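K.L.:
no sequence on this one, just coordinates:
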């Protein structure tokens, strides 16, 4: 198996056939803003979840083989993405909240997260049938970091979307060492998007998709904060697709292969704004509004599960006496809600425009959205921001 380690601080260049539709292109795929797609709000310097100080992302991408499906041998188009809320240097839990828009999916550990109000560790995203191995590997990784501990207690949060159209999903190709590697290589900085990590085999609106990220700066009174979003996007039916409010799915019909909506999305929202768990539940709900802006209606077969966490209030969970926690008043949260909606929409579109044509099991071929035609459609509807590229 060829292991492509998609370090979080570099973008993945185009890949040669069978993974891309043409010869390898050394140029990095432009992000949505660079294509002239208009978005509301002011992004952070990286326009990524890692604009929230302390947040680190690591990804391992697994791509090998081509041709007919042979279970256990491939073709393989999968991986794992790790998010570390306070980075590798800290195991301090963060306040967290969650929301499920449609529950045909999985995110482990939510019962205790809802009960306790904390995300107690790292978060992983992978394919549907690798949730178990990723969960167990995360506990193992945590135990290895503290070899003197008499016991390790954990209910890890591991989420999934299904990549079986392109990947030998029943081959269980994500192994513990891949989880360890994603966690160990996690760092701040730019985040690779598209067909990387857990998003390697994912599809949006019948185009190639995967991992996407974005961020927004917000002001609440005199204080400034950051909201960052990372998505593993794998949803939608072509006629639904909207970009900047434009019905691009009805305008670009090449390469369609479905007869109805199908798929899921995991959305992770991070912020340094001081918020309590019930307020983070409210933030997580707003991610669904960003998803709706791209055309999704969260169909019956969709697993749309969202998690939001705050890196403020360090040390609160480990206190052993009464402790003071800071939080924003509820009636000041509108800028945070706005930022969540805006960054979620952009993260999804970033995942979409980063996706490159890929051929997987049994010759299944999913096209990357054609950038030139996308720009033409946006221009037709008066929504393209013309700029030098």
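P.N.:
Nice, thanks for sending it over. This is a predicted model, so every value here is computed, not measured.

K.L.:
Thought residue 167 was touching residue 210, still the case?
P.N.:
No: between residue 210 and residue 167 there is no contact under Cβ atoms under 8 Å: 11.9 Å. All C-beta spots, glycine's among them, are computed from the backbone N, C-alpha and C.

K.L.:
Those two: which is more packed in?
P.N.:
Of the pair residue 210 and residue 167, residue 210 is the one with more neighbours under other Cβ atoms under 10 Å, namely 34 against 30.

K.L.:
Enumerate every residue touching the residue nearest to that one when sequence neighbours are not counted.
P.N.:
Nearest residue to residue 210 in three dimensions, chain neighbours excluded: residue 199, at 2.7 Å (Cβ to Cβ, 6 or more residues apart in numbering). Contact analysis of residue 199 by Cβ atoms under 8 Å, 6 or more residues apart in numbering lists 79, 81, 125, 193, 209-212, 232-234, 351.

K.L.:
Please apply the same query to residue 160.
P.N.:
Counted by Cβ under 8 Å, 6+ apart, residue 160 has contacts 105-107, 125-128, 130-131, 198, 264, 266, 303.

K.L.:
what do you get for residue 70?
P.N.:
Contacts of residue 70 by Cβ under 8 Å, 6+ apart are residue 168.

K.L.:
quick revisit: intersection of neighbour lists for residue 210 and residue 167?
P.N.:
Counting by Cβ under 8 Å, 6+ apart, the residues touching both residue 210 and residue 167 are 200-201.

K.L.:
ok, which stretches of the stretch 1-150 of the chain are strands?
P.N.:
Counting by DSSP state E, counting those that start in this stretch, the stretch 1-150 of the chain has strands at residues 3-4, 56-64, 76-84, 94-103, 118-119, 123-127.

K.L.:
Which among those strands is found nearest to residue 309?
P.N.:
For residue 309, the closest of those is strand 94-103, at 4.1 Å, according to Cβ to Cβ.

K.L.:
Give the buried residues for that closest one.
P.N.:
Neighbour-count burial for strand 94-103 flags 94-102 (criterion: 16 or more other Cβ atoms under 10 Å).

K.L.:
what mean pLDDT would you report for it?
P.N.:
For strand 94-103, mean pLDDT rounds to 98.

K.L.:
Which helix or which strand is home to residue 353?
P.N.:
Residue 353 is part of helix 334-354, with elements assigned from DSSP states H and E.

K.L.:
so what secondary structure elements neighbour that helix?
P.N.:
In terms of contacts (3 or more Cβ pairs under 8 Å, 6 or more residues apart in numbering; DSSP states H and E), helix 334-354 is packed against strand 203-204, strand 211-220, strand 223-234, strand 264-271, helix 277-293.

K.L.:
Format those as a markdown table; extra columns: mean neighbour count and mean pLDDT.
P.N.:
Written out in a markdown table, the entries for these read as follows (neighbours: other Cβ atoms under 10 Å; pLDDT from 0 to 100):
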| stretch | mean neighbour count | mean pLDDT |
| --- | --- | --- |
| strand 203-204 | 30 | 98 |
| strand 211-220 | 26 | 98 |
| strand 223-234 | 26 | 98 |
| strand 264-271 | 30 | 98 |
| helix 277-293 | 22 | 98 |
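
K.L.:
Residue 248 versus the nearest residue to residue 252 once chain neighbours are set aside, what's the distance?
P.N.:
Nearest residue to residue 252, sequence neighbours excluded (Cβ to Cβ, 6+ apart): residue 373, at 5.5 Å. As for residue 373, its distance to residue 248 is 9 Å (criterion: Cβ to Cβ, to the nearest Å).

K.L.:
Between these two, which has more neighbouring residues?
P.N.:
Using other Cβ under 10 Å, the more surrounded residue of residue 373 and residue 248 is residue 248, with 25 against 13.

K.L.:
Just to check, that one is in contact with residue 240?
P.N.:
No: judged on Cβ under 8 Å, residue 248 makes no contact with residue 240 at a distance of 10.2 Å.

K.L.:
and the closest residue to residue 277 other than its chain neighbours, what does it touch?
P.N.:
Closest residue to residue 277 apart from its sequence neighbours, by Cβ to Cβ, 6+ apart: residue 117 at 3.2 Å. Shown in contact with residue 117 (Cβ under 8 Å, 6+ apart): 95-97, 276-278.

K.L.:
Look up phi and psi at the residue of the chain positioned farthest from its centre.
P.N.:
Distance to the chain centre peaks in the chain at residue 321, reaching 36.4 Å (criterion: Cα atoms, centre = their mean). With angles defined as degrees, to the nearest 10, residue 321 sits at phi -150, psi 180.

K.L.:
State the distance from it to residue 118.
P.N.:
17 Å.

K.L.:
sorry, back to before: quick one: the contacts of residue 117 as a markdown table, columns for distance to residue 157 too.
P.N.:
As requested, those are exported to a markdown table (distance: Cβ to Cβ, whole Å):
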| residue | distance to residue 157 |
| --- | --- |
| 95 | 14 |
| 96 | 8 |
| 97 | 12 |
| 276 | 19 |
| 277 | 14 |
| 278 | 18 |
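
K.L.:
what's the closest of those to residue 360?
P.N.:
residue 96 (33.9 Å).

K.L.:
All good on my end, thank you.
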